[in-house]
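> Dropping the sequence and predicted coords here.
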Amino acid sequence: MAAEVVAAAVSAISDIEVMKASQLGMKAIGAGLAVGLTGLASGIAEMAIGSAAVGATAENKDVFGLVLLLTVIPETIVIFGLVVALLLLF
Amino acid sequence: MLTPEQMSRLLIVASKDQMTPVITELYRHNLFHIEDYVESGAKGYEGFKIGTPLSGATEASGELVKIRAIQNTFSIRSDDFEVKERQKQSGLQGQIERELPAIEQEVEGLTQKRSKLETKVKEYEQKITELTPFIGIPGDLDLYRGYLRFAVFAGYVTHEISLSVPNEMFVVKGKGKNFIIVVAPVENRNVVEGALQEAGYQAVTIPDESGDPKERISFYSSQITLFKKEIEEVNQKLEAIKVKHASFLVACEEILKIQVDKTEAPLRFATTNETFVAEGWVPSVSVDSLTKALITATGGKIFVTVLPTDLEHDSVPVEYHNPSFAKPTQMLMDVYSRPKYTELDPTLTLSIVFPLFFGLILGDVGYGLMLLGMCLVLRKVLKGGEGAQLLIVLRNASISSIIFGLLFGEFLGFPLPWRPLIFSRHLNIGVSEGGHGPQIPELMILAIWIGIFHITLGRVMGIVNHARQDHGAHRTKAVMANFGWILVMWGILMIIWSIIKMPYMPDFTTMPSVVMMLNVAAVIGAVMLVVGVLFIARDSGLELIEIPTIISHTLSYTRIVAVGLSSVAIAMVVNYISIGMLIEPQLENITITGVLFIILGVAVFLIGQALNLALGILGSGLHSVRLHYVEFFTKFYKGGGKKYSPFGFNRRFTED
């Protein structure tokens, strides 16, 4: 009888540990998704801007500074992703 | 400070015989930004005509073109040229007339000779390529031509060939294709041609030469060597001329450029038969001195007056007016847009806040020192221009990085031996137990506070700008709208603070509740929000769709932490892979493979850190600038001012 209770208690504890571990894993997956997907989104957005920027620079070198900035504007998306990931993890 | 240099509109009227002294005086002072006169029959300018250049304009510009051509030949650029000693203009003037034609002739002769030689070399090289296939075939080149009854074919074939008609054939085996010579009677020409076509024939021109092909090739090769030697001699002569006359040439260019500028100045003035009128802008502080100088130069035969400035219609040229430490940052402003004359010039705030942002993002003693070193070394190479200004901006940024690196306690991703003096950014990478870990929420809140204050500052500057630029009812509305934006932002903050408790932010959650779930702070916040929205809507209803940007722009400042942390993470990962995984385990027991691993580890460390340094500089710089351009400037700044470019020139190589 006593042995069964102990066994049940042990298994309950190990269940909690498994649950904690899986929660940690879920957090990690969530953080990974947040950075990865937003990274992709930034990449897609920067694709069009970047190619246009190179074209514009070829036409007129003076706009280099400006187009470099325009190109990094979509980086906000991935930075928000990174922020969310950091908040998830810590 | 915070406003551009104050300008005055100056009107100069004098008789035409005073034109030369007036132009000389204006040019010397380098202060007068000429408003070009356009014949449009503007009020008060009826009947005026654009002036004609002074005498000597054509000659001077002709000479200038020639000098620039010579400079091109020598690839001398006056910008890169070191100034040794200034030459007297009076002496040079004579020298130009005496020496320039001779130099010009010499250079022209030499370059012509060089291009002739180069053509010859190319021609002979072509001949050698034509002759090369015939090397393998014994016999003189004469033997290939001059027949009445025989046709000669020479070329490459890809397949074996056999002919049904009488012929003589010679084949040289080659890679993939064979070189073939066929001699056949003229009447069989068609048959031979057909057979050759089938074998994938590619004709080769028979060179118009006589003698042994090998001998001819060696003759041509020796000739080419001779020509190349001659080219080398010509180049040496040109180099000698360059060394001897380079400083003379840049000085000449400068003098002639000045002459052209001066003689062509009347093209920008309004003239009548006997008089001329010049209008332009002068920094207000210099009006008196310039007027006095003009009166002295013309013996009082001149009328100079300050015209009233009409801020709405005049496009006043803009010159920055900043303390010297902020001057290099003007370059970052010019990349965006020069401020308008009536606008606040944010250079000063940019020059202070940009290094702070940069330091907060990079925040590493090691990278800061490396960047500082790079800037100091490159400063020696780059003289003047925007590049040098950028280097000064980066130097300031690197110093700020070192300071923040000391506060964060970071050196190339390694922790410094003390606890971080402000929030820790040390991640638990490669640390098994006991690392204190990063204080990310605190850092984020710090970044958001920076954002809140930066944006509020931007809006306050917006209020000032609208108050200065607008008039009447629109002015009040625009000012109120900007104030409304501030109210909305702080209102939202009040509501958030009344609901959630956050570290390093005011805690209003414990305040007594008033209605429903809302407490005092929340109600105040809601009132601020509503009033703010009303203020914005009164100015322009469309602006309301921009309200979500309050949140996104404020959150955007968290990039200061995020970009910084990613840079820390890369550094720590590089350190962990190179030292923790590759080097350290091998040090316990050194073997030959172990040494290889250690070398690999060092390579990983160097490459990784170099990459992270590059990324760090690029990322920190771009994101700091971006926070200004996108989040800060959009609140108040329009730009689009005209650059102040005074009539004159800073002499570098010559003096009067």
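Perfect, thanks for sending it.

> residues touching residue B:211, list them.
Going by CB atoms under 8 Å, 6 or more residues apart in numbering or on different chains, residue B:211 touches B:140, B:141, B:142. Every residue, glycine included, has its C-beta placed from N, CA and C.

> Apart from its neighbours in sequence, what residue is nearest the second one?
Which is residue B:141. residue B:209 (4.7 Å; CB to CB, 6 or more residues apart in numbering or on different chains).

> Okay, that neighbour and chain A: tell me how far apart.
48 Å (CB to the nearest CB, to the nearest Å).

> So what does that residue look like in phi/psi?
Taking degrees, to the nearest 10, you get phi -140, psi 170 for the backbone angles of residue B:209.

> Hmm, residue B:217 and it touching each other?
No - Residue B:209 is beyond contact range of residue B:217, at 9.9 Å (criterion: CB atoms under 8 Å).

> Can you check which residues contact both of those two?
In contact with both residue B:209 and residue B:217: residue B:131, using CB under 8 Å, 6+ apart.

> Work out the gap between stretch B:164-179 and the centre of the chain.
For stretch B:164-179, the distance from its own C-alpha centre to the chain's C-alpha centre is 60 Å (CA atoms, centre = their mean, to the nearest Å).

> List the contacts of the host helix or strand of residue A:85.
Assigned by DSSP states H and E, residue A:85 belongs to helix A:75-89. By CB under 8 Å, 6+ apart, the surrounding residues in contact with helix A:75-89 are A:27-28, A:30-32, A:34-39, A:41-42, A:45-46, B:440-441, B:444, B:552, B:555-556, B:558-559, B:561-563, B:565-566, B:623.

> Grab the most central residue of chain A for me.
For chain A, residue A:35 is the residue whose C-alpha lies nearest the centre (CA atoms, centre = their mean; 1.5 Å).

> Residue B:96 is in contact with residue B:253, isn't it?
No - taking contacts as CB under 8 Å, residue B:96 lies outside contact range of residue B:253: 10.4 Å.

> so which of the contacts of residue B:211 is the most crowded?
Highest neighbour count within the contacts of residue B:211: residue B:141, with 19 neighbours (other CB atoms under 10 Å in any protein chain shown).

> wouldn't that one be in contact with residue B:207 here?
Yes - counting by CB under 8 Å, residue B:141 touches residue B:207, with 6.4 Å between them.

> Count the neighbours of residue B:301 for me.
Count around residue B:301 with other CB under 10 Å applied: 13.

> shaky segments in the chain?
Just so you know, I chose chain A. A:1 (pLDDT under 70).

> hm, I was asking about chain B
B:80-84, B:430-436.

> Name the residues of it found near chain A, please.
B:335-336, B:437-438, B:440-441, B:444, B:552, B:555-556, B:558-559, B:561-563, B:565-566, B:622-623, B:625-626, B:629-630 (CB under 8 Å from any CB of the partner chain).

> what about residue B:380, distance to chain A?
Applying CB to the nearest CB to residue B:380 and chain A gives a distance of 24 Å.

> Could you tell me whether residue B:383 really is in a strand?
No - read with DSSP: H, G, I helix; E, B strand; the rest coil, residue B:383 is coil and lies in no strand.

> State the distance from it to chain A.
Noted for residue B:383: a distance of 20 Å to chain A, by CB to the nearest CB.

> what's the answer for residue B:329, then?
Taken as CB to the nearest CB, the span from residue B:329 to chain A is 13 Å.

> same check, this time on residue B:319
Residue B:319 is 20 Å from chain A, by CB to the nearest CB.

> show me what contacts that residue?
Per CB under 8 Å, 6+ apart, neighbours of residue B:319: B:4, B:5, B:7, B:283, B:644.

> near chain B, which residues of chain A show up?
Residues of chain A lying close to chain B (CB under 8 Å from any CB) are A:65-66, A:68-69, A:72-73, A:75-76, A:79-80, A:82-83, A:86-87, A:90.

> Please indicate which of the residues you listed are buried?
Applying 16 or more other CB atoms under 10 Å in any protein chain shown to the residues of chain A next to chain B, the neighbour count classes A:65-66, A:68-69, A:72, A:75-76, A:79-80, A:82-83, A:86, A:90 as buried.

> And the closest residue to chain A within the stretch 201-350 of chain B, its phi and psi?
Closest residue of the stretch 201-350 of chain B to chain A, CB to the nearest CB: residue B:335 (3.6 Å). Residue B:335 has phi and psi values of phi -60, psi -40 when expressed as degrees, to the nearest 10.
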